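Asks: Coordinates only, no sequence provided:
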């Protein structure tokens, strides 16, 4: 083919209008309204309250760990990360020394009637280990009536994230919603988790929620009736060990790190704002999850 023929073939392409640009970054209304600093010159206790001990009934799940406020269980790295470290020493003489970890509760709440909570997390994956990134109402609260929202949790090294919602009375049917997402490399890279909510007027038991993993909407749910306003929710980070959820399995000796690379609360979804939220909510491919 001559160069003239090649040029003639290109003319239709050159005459086509350019593609509409896709906005990948934050929009003009996007802003961050809370972002904890994860550096050693800041005390972990400045932004987080540490729960202590084994809790009633092993934190309700016959968990084995004793939570501490010790720096070996929760600390900031020079690189600007928050580490929740679970330590297993099966030869220890006392239960308090055998399994230790941290359970941190944010001093801030979601604080608004609409917004997005974002975190990049690398999760430990092993038998007997249960890391979690989740929400509970500011204390005091009544569980599960006031609501629980689970954004990221996995157990026993199965590398499946569970997106969950709990409400109502504990033993009532259809008061738990869950959806599993396989993330084979969740233990070796920062996975992005976003939780977006809209609750006009802060009316309890009203509103909509969307969960995202690596930018993809994975579950949607209406806010259940009887739950506390979402603006009252606090942020929890912990690594549990053993118990019912882990099927009675216990961790081998060693340390298990949940690494929070970055976390922030923002005004809207990046790359589309509330228009993207609405589109993802309306999309049939965004599941409601399974109830039980």
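Replies: On my side now, so go ahead. If you're wondering where the values come from, they're calculated on a predicted model, not measured in any experiment.

Asks: all contacts plus neighbour counts: C-alpha atoms, from now on.
Replies: OK.

Asks: shaky segments in the stretch 1-150 of the chain?
Replies: Along the stretch 1-150 of the chain, segments meeting pLDDT under 70 span 1-25.

Asks: Show me where it has its helices.
Replies: For the stretch 1-150 of the chain, the helices identified by DSSP state H, counting those that start in this stretch occupy 3-15, 95-98, in order along the chain.

Asks: Give me the helices and strands touching the shortest one, please.
Replies: Judged by 3 or more CA pairs under 8 Å, 6 or more residues apart in numbering; DSSP states H and E, the packing partners of helix 95-98 are strand 66-67.

Asks: okay, how far is it across stretch 144-163, tip to tip?
Replies: For stretch 144-163, the first and last residues are 16 Å from each other (CA to CA, to the nearest Å).

Asks: now that stretch: how far from the chain's centre is it?
Replies: Stretch 144-163 has its C-alpha centroid displaced from the chain centroid by 8 Å (CA atoms, centre = their mean, to the nearest Å).

Asks: Can you give me the buried ones in that stretch?
Replies: Buried residues in stretch 144-163, counting neighbours by 16 or more other CA atoms under 10 Å, are found at 144-157, 159-163.

Asks: swap in stretch 50-66?
Replies: Judged by neighbour count (16+ other CA under 10 Å), stretch 50-66 contains these buried residues: 50-51, 53-55, 58, 62-66.

Asks: Hmm, residue 199 is touching residue 208, no?
Replies: Yes - with contacts defined as CA atoms under 8 Å, residue 199 counts as touching residue 208 at a distance of 6.5 Å.

Asks: Relative to residue 269, how far out is residue 31?
Replies: To residue 269, residue 31 is 10 Å away according to CA to CA.

Asks: Counting neighbours, go ahead and name the busier of the two.
Replies: For the pair residue 31 and residue 269, the greater number of neighbours falls to residue 269 (26 against 14), based on other CA atoms under 10 Å.

Asks: Leaving out sequence neighbours, find the closest residue to that one.
Replies: On the basis of CA to CA, 6 or more residues apart in numbering, the spatially nearest residue to residue 269 that is not a chain neighbour turns out to be residue 116, at 6.3 Å.

Asks: residue contacts, the residue nearest in space to the middle of the chain?
Replies: Central residue of the chain (CA atoms, centre = their mean): residue 151, 3.3 Å from the mean position. For residue 151, the contacting residues are 132-135, 162-164, 193-195, 211, taking CA atoms under 8 Å, 6 or more residues apart in numbering as the criterion.

Asks: next one: residue 220
Replies: For residue 220, the set of contacting residues under the criterion of CA under 8 Å, 6+ apart consists of 208-211, 281, 286-289.

Asks: a markdown table for those, including neighbour count?
Replies: As requested, these are arranged in a markdown table below (neighbours: other CA atoms under 10 Å):
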| residue | neighbour count |
| --- | --- |
| 208 | 19 |
| 209 | 20 |
| 210 | 23 |
| 211 | 24 |
| 281 | 20 |
| 286 | 18 |
| 287 | 15 |
| 288 | 17 |
| 289 | 17 |
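
Asks: From the residues you listed, which shows the smallest pLDDT?
Replies: Going through those one by one, the lowest pLDDT turns up at residue 289, 91.

Asks: mind listing the strands for the stretch 151-292 of the chain?
Replies: Listed in chain order, the strands of the stretch 151-292 of the chain (DSSP state E, counting those that start in this stretch) span residues 160-166, 176-182, 191-198, 208-213, 216-222, 233-241, 254-266, 290-291.

Asks: quick revisit: show me which of the contacts of residue 220 is closest to residue 256.
Replies: When the contacts of residue 220 are compared for distance to residue 256, the smallest value, 25.6 Å, is given by residue 211; criterion: CA to CA.

Asks: how far does stretch 138-146 stretch from start to finish?
Replies: Criterion CA to CA; first-to-last residue distance in stretch 138-146 is 10 Å.

Asks: Show me what that stretch is in contact with.
Replies: Here stretch 138-146 makes contact (CA under 8 Å, 6+ apart) with 109, 137, 166-170, 226-228, 232-234.

Asks: least trustworthy position among the residues you listed, going by pLDDT?
Replies: In this model, the minimum pLDDT among these belongs to residue 170 (71).

Asks: so how far is residue 145 from that residue?
Replies: As it turns out, when the distance is counted by CA to CA, residue 170 lies 8 Å from residue 145.

Asks: now swap in residue 84 and tell me
Replies: If you go by CA to CA, the gap between residue 84 and residue 145 works out to 28 Å.

Asks: swap in residue 71?
Replies: When distances are taken as CA to CA, residue 71 and residue 145 turn out to be 34 Å apart.
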